[in-house]
Structure formats: structure tokens, C-alpha cells
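1. how would this look folded up:
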Amino acid sequence: MTVGLDDVEGAGDAFAAALIAELPRLVHLATRLVRDPDQAQDCAQETIVGAWRRRDQLRDAQAMSAWLRRSLVNRIIDRSRAHHDELDIDAVESDWHDDHWSVIPERVLERAEMRDELEDALARLPVVYRVAVVLHDALGWTAAEIAAATSAGLPATKQRLRRGRMMLVSALAADDERRLASEAQPLRCWRARRHISGYLDGELEDATKTAVEEHLEGCPTCPPLYASLVGIRATLGGLRDPDSVVETDIASRIRSQLAELDRGATGQR
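-> This next block holds a predicted model:
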């Protein structure tokens, strides 16, 4: 949706029109990060209004989209509160450390392919991990883009992505347990599992990649976990869809807020 200058009553500013033109993409992004459509629209609206108030901080108009995305992502993280049903990363990593722990991939992928089940599982991830997984695997952001948007370092972002993927598999396999012996493997399971996320993204050095592949060929517990990661990543990719259509009333509401802010700023001069 593009809003012309004539539609921004009172603001009289191309910047305001450009902000409103970004609204559909912000709503689209917000709905991928929070389940509640109303909360998603509120976050997008607050981001637009906040950007208008801080318009002097944007030095490069070409960077507006990235600036707004960073603001939105951080706003969602700040607004999120711990959910009683959130997974405990320490407990999840404890499971993944256990060479005998695995899942039934068919069951995990069956649940992942049901959108409600997938979104319920994503909702169980603490927000910093959910943001990393959704932005990367569902929306196609790079780890560097996520790091910039969340003001986190690249190593921390990659760790959040790795942990988030593991937690998502665990959430979808909550009632599936299969403990099989695998101690005879040359590469211990936890070492292989630590590298699976990097293997999935093609980031491993040749020696490490070969070691992981050899482990997957002979280990009875790790292949189901890897299959689940691959399948969920592909399913998350299916969440990508055209930019959301923003209802007229929310755009009108924002136009009114921007106009009121502009009138207030003019009156103070």
C-alpha cells in the first residue's frame, strides 16, 4: 500500500508518506513474530509513530526500511514477557547433550506441517530464540541482518539460531522419546549436534563437515534430529507469503497521529 503526500493531511512531509508506505511490510513482519494479529498491528503502528518522532535520527533515507525493521524487532522483544509454557534452554540442551536422546521425525514433521501446531511450538520459544528462527528460516534474513536488527553480535545471533532450532524440534517432539545406544560412534553425538545447524547452513569447514556426515551415516539417534531440523526449516520457509494487506483504518489512524504530532511540533516553533 502506497500513501501519497496528499493523503498525509497536516504532515506535509514526504517522510511521513514514506513511513506509511512501509506499514504493510512491518505488519507482515510483526505477524510472523507474534501470534496475536492485534498485537502485531499495534507494534507496527507504534514503530511508525516512534520513527516519526525520531525522524531526525535517520541520516540516510535509503536505510529507512532497515531502520524500521530494527525498531520493530526490538520493540517486539521489549514487549514480550516470559510465558509460563516457554521451554527452558538448559533442559533442552541437556536433552541434546544426551547421546541416547532422539525423536521420531515423522511425528515431528507431521506436527510441523500443521500450521497451528507449528505456531504453538514457536510460541513456546523464548522471544530472542523465536525471533532468530523466524527471521532466518521463515523470512530469509541472514544472520548478519538479524544481528544488526537486534543489536546482538554475530556469534550470539548464530547461537540463538542454533538453540532456537533445537528448541523448536523439542517443542514439536514433546511427547516423542526414543533412546537408542550410540556410544560406539567416532564423533560423540553432542559434538555432532552442535554442528548440525552450521551444517544445515553450509558453514562448516571441510574436515568438520566430513566428520558430521560420517557420524550421521552410522548414528541411530542423530539422523532423526537432523531430518526434523531440515523438514522444519523447509516448512518455515513456506510461511513466506506476499506482504500483508493493511486495513484502511489502521493507516488512517496512523495518518491522524502523524498529523497531530506535526501540528504539535509546528505550534511549538
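2. domain ranges for the protein?
-> 5-80+243-267, 89-237 (automatic domain parsing).
3. residue contacts, Ser80?
-> Counting by C-beta atoms under 8 Å, 6 or more residues apart in numbering, Ser80 makes contact with 34, 127. (C-beta placed from N, C-alpha, C; glycine too.)
4. re the thing from before, among the domains of the chain, which gets the worst mean confidence?
-> Mean pLDDT is lowest for domain 5-80+243-267 out of these, coming in at a mean of 76.
5. Could I get the buried residue list for the helix or strand encompassing Pro224?
-> Assigned by DSSP states H and E, Pro224 falls within helix 222-237. Neighbour counts over helix 222-237 (16 or more other C-beta atoms under 10 Å) mark 222, 224-229, 231-233, 235-236 as buried.
6. Ok, stretch 165-176 next?
-> Buried residues in stretch 165-176 (16+ other C-beta under 10 Å): 165-173, 176.
7. Leaving out sequence neighbours, find the closest residue to Ser170.
-> With sequence-adjacent residues excluded and distances taken as C-beta to C-beta, 6 or more residues apart in numbering, Ser170 is closest to Val92, at 4.9 Å.
8. sorry, back to before: helices - which of the buried residues of stretch 165-176 land there?
-> 165-172 (DSSP state H).
9. of those residues, closest to Ala149?
-> When those are ranked by distance to Ala149 (C-beta to C-beta), Arg165 comes first, at 18.5 Å.
10. Make sure the closest one is actually in contact with Ser228.
-> No - counting by C-beta atoms under 8 Å, Arg165 sits too far from Ser228 to count as a contact (9.3 Å).
11. In CSV, list the ones in helices among the buried residues of stretch 165-176 along with distance to Ile104.
-> Compiled in CSV, those are given as follows (distance: C-beta to C-beta, whole Å):
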residue, distance to Ile104
Arg165, 18
Met166, 16
Met167, 18
Leu168, 15
Val169, 11
Ser170, 13
Ala171, 14
Leu172, 10
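12. Just give me the closest of these to His100.
-> Lowest distance from His100 to those (C-beta to C-beta) belongs to Ser170, with 15.0 Å.
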